[in-house]
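> Would you be able to build a 3D model of this:
(2 chains)
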Amino acid sequence: MIRTRYAPSPTGFMHVGNLRTALYAYLIAKHGNGKFLLRIEDTDSKRYVEGALEAIYHSLILAGLTYDEGPDKDGGFGPYVQSQRLPIYKRYAEELVAKGEAYYCFCQKEDHVNEEEEEEEVPFVPERNICRLLSPQEAQARLADGEPAVIRQRIPDTGMTTYHDHILGDISFENALLDEQVLLKSDGYPTYNFANVIDDHLMQITHVVRGQEYISSTPKYSLLYQAFGWQSPVLVHCPLIVNEDGTKMSKRKGAPTLEQMVEMGFLPAAIVNYVSLLGWNPGTTQEIFTLEELVQVFNVDRINKSPAGFSMEKLTWMNGEHIRRLSPEAFHELALSWYPDSLKKLKFDLEKISRLIQVRTERLSDIRTMIGFLAELPEYEPSVFVNDKSKSTLESSRKILQKTIPLLEALEPWTNEAIFTCLKTFAIENGFKVGTVMWPIRTACSGLEATPGGATELADLLGKEETLKRLRLGLAKLQ
RNA sequence: GCCCCCAUCGUCUAGUGGCCCAGGACGCGGCCCUCUCAAGGCCAAAACCGGGAUUCGAAUUCCCGUGGGGGCACCA
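Numbering: from 1, shown residues only, chains lettered A, B, ... in the order given. Below you'll find the model as predicted:
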C-alpha cells in the first residue's frame, strides 16, 4: 500500500513550490491506489503564522487534493499534528541515547546573529562539541541537577553515508562533514529533522516527496533510520522551481501563493496542470490535463533532475486553454463574479456576454477591461474610424453611418441575425465590402479598435436604443 | 570557505549510442480564415556550455573545466 504525505509547517501560505510537492505526493499515492495524508509540522512555535493553517486547508480544497488522513480525518496513525506527538519524540530520542546513537548536550544555544554581507566567510565546521564525550552517568547527573539540555544525533567520525534517491540515484556524503544536529530541543519539541523521520516511519509513509533543498540533510535522516533499524522510504527529491532568470523562487522574490493566483484570475485546475509540468512530463505531447487525468498518467520515473523556471506567460496560455474547455454554463458561472457591478445594474444579457468572451478570456481578471465599454462608451478620437484592412476611411465611415442609421431605426426585430442580414444586404447593394460597413458600426458602438464580438453582436447586446444613440454620436464626430 | 546536485531553443521539455544536420509546447514573426480582436489552421526563426576520452558511431557513457543552484540553525 503506497502512502505519501504532504507535511507543511503552518508558517506561511501555499506557494507554487509547496503546491507541486503536495501534488506529486498526491499523484504518486492516487496513481497507485494508495493513501495521501496531511501532517502538520508545527515544531517551531515561534514561527507560527496566524491563519496559515486555514490557508493550507483552503488551498488543498482549491487544488482538489483531498487527503485520506489528516488532523480532522483519523486513519489510525494520528495524531497528525506534531505538537500533539511530543511524548512520542521524547521516547524515541531517549531510545537513541540509550543506544549511544545520540547524546545529551548542555552547550548554550549559540546566538545566530544573522550578520549581513559584511560577515567574513568563516569556514563551516561541523558540530562536534565536547558533550559527545560525556559519560552517561555524568549526563544523567547534570540532567538531575536540572541543567537544560538538548539531544543531539551522534554521527560516526569516519566513513561515508550513501542513500538512494529515486530520481537522482545514489548520493554520498562523508560522515565527518555531517553535523551532529539537534534532535530534541530544550523546550521538549523535536526538530523537523527528527520528527519527520519518526513520523514517516510510524505513519508508514512509503514515498517521501520533497524539494531538492533537502538533499544535504537527508544523509542524517538515513543514519537515523539505520540507528533505529528502520527501512527508509523511497526518497523523491523534486527539482527546485526557480524564476525564469534562474534565481530561486521564494516568497521574498514574489512567489505567488495559490490563493493569490486565483485572485489574479487563474483557475485552480490550470494552476495544478501547469505546476504538474514543472519538472515532470508524461512522455507524450499532451499538455492539458485534468487532475483525474494526471492521476492516470503520472509516473515518478519521469520527474526531472534540473530546476524548472516558472513562466507566467505559459501559465496564462494554459489558463486560457482550460477556460476554453469549460462548458458555456460553467464559464458563465465563473465569470459572473468578475462582472463589474455597473454592468450588472444595467439590463445586459450576461449569458450572451459570457458566450462572447469565453474564447477571448485568458484570465478571469481580463473580463473587467474587456467589457467596460458596454456600461459606458469611452472617449475616442475619430481616427479610430480609419482602418486599412477593412478599407475604412473617415468618409466611408461617415457615409455608411449616415445611410445605415435610418435602416436600423426601422429594423425589427432587433436580433443579431436580423442586424447582420440588414447590414450585409446594405453592403452588397451599395458595393461595399462587408468589413467596410461593419467597421464604423462596431467602432461607434464601442469606441475601440478591438472588441469581444463583432459589430452586430455588440449592437444586439447594447439594444436598439443605445446602439442608435452611439451610432449618432459617432456620426457627429465625423461631421 | 566546505559539501552536494544540475547543465538540450529565451522558457517548459522529448531524447536513455545509430531512427537527431535534434521533436513538441509557450512566447515571437508571417500567412490563411474572418463583421474588429481573439480562437482555429498552416509556415518560419530559435538549442545539444567547453575540452578531452571510450566507440565504427555520442545530445545520449566516463573524466576535467566552466556555469547555475541548493545546503551548512535548539527553521522547516
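> excluding its backbone neighbours, what's nearest A:Pro79?
If the residues on either side of it in the chain are set aside, A:Pro79 comes closest to A:Arg85, at 5.8 Å by CB to CB, 6 or more residues apart in numbering. Heads up, the C-betas are built off the backbone N, CA and C, glycines and all.
> isn't the one you found right up against A:Asp199?
Yes: using CB atoms under 8 Å as the test, A:Arg85 is close enough to A:Asp199 to be in contact (7.2 Å).
> Least confident secondary structure element in chain A?
In chain A, no helix or strand scores lower on mean pLDDT, DSSP states H and E than helix A:341-345, which sits at a mean of 85.
> Counting neighbours, go ahead and name the busier of A:Arg85 and A:Asp199.
A:Asp199 (22 against 19; other CB atoms under 10 Å).
> ok, now which ones touch the residue nearest to the more buried one when sequence neighbours are not counted?
Setting aside the residues directly before and after it, A:Asp199 is nearest to A:Arg39 in space (CB to CB, 6+ apart), at 6.3 Å. Neighbour list for A:Arg39: A:Arg5, A:Tyr6, A:Ala7, A:Gly70, A:Tyr80, A:Val81, A:Gln82, A:Asp199, A:Met203 [criterion: CB atoms under 8 Å, 6 or more residues apart in numbering].
> Buried among these? Make that a PyMOL selection.
In PyMOL, this line selects whichever of the contacts of A:Arg39 come out buried by 16 or more other CB atoms under 10 Å:
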select buried, chain A and resi 5+6+7+70+80+81+82+199+203
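> In strands, which of the contacts of A:Arg39 fall?
A:Arg5, A:Tyr6 (DSSP state E).
> re earlier: what's the least confident helix or strand of chain A packed up against?
Taking 3 or more CB pairs under 8 Å, 6 or more residues apart in numbering; DSSP states H and E as the contact definition, the neighbouring helices and strands of helix A:341-345 are helix A:366-375.
> Tell me which residues touch the closest residue to A:Ile167 other than its chain neighbours, please.
The shortest distance from A:Ile167 to any residue that is not its chain neighbour, by CB to CB, 6+ apart, is 4.9 Å, and that residue is A:Ile303. With CB under 8 Å, 6+ apart as the criterion, the residues that contact A:Ile303 are A:Tyr24, A:Ile167, A:Val236, A:Cys238, A:Pro239, A:Gly279, A:Trp280.
> Which of those fall in strands?
Per DSSP E, the subset of the contacts of A:Ile303 in strands is A:Val236, A:Cys238.
> Closest one to RNA strand B out of the contacts of A:Ile303, please.
Of all the contacts of A:Ile303, the one sitting nearest RNA strand B is A:Gly279; the distance, using CB to the nearest atom of the strand, is 4.1 Å.
> Please name the residues that touch the closest one.
The neighbourhood of A:Gly279, defined by CB under 8 Å, 6+ apart, consists of A:Arg20, A:Cys238, A:Pro239, A:Ile241, A:Ile303, A:Asn304, A:Pro307, A:Ala308.
> hmm, try it at 7 Å
With contacts defined as CB atoms under 7 Å, 6 or more residues apart in numbering, A:Gly279 is in contact with A:Cys238, A:Pro239, A:Ile303, A:Asn304, A:Ala308.
> quick one: it and A:His166, what's the gap?
According to CB to CB, to the nearest Å, A:Gly279 and A:His166 sit 13 Å apart.
> Could you do A:Thr11 as well?
27 Å.
> Which one's more surrounded, those two?
Neighbour tally, A:Thr11 and A:His166, criterion other CB under 10 Å: the higher count belongs to A:His166, 17 against 13.
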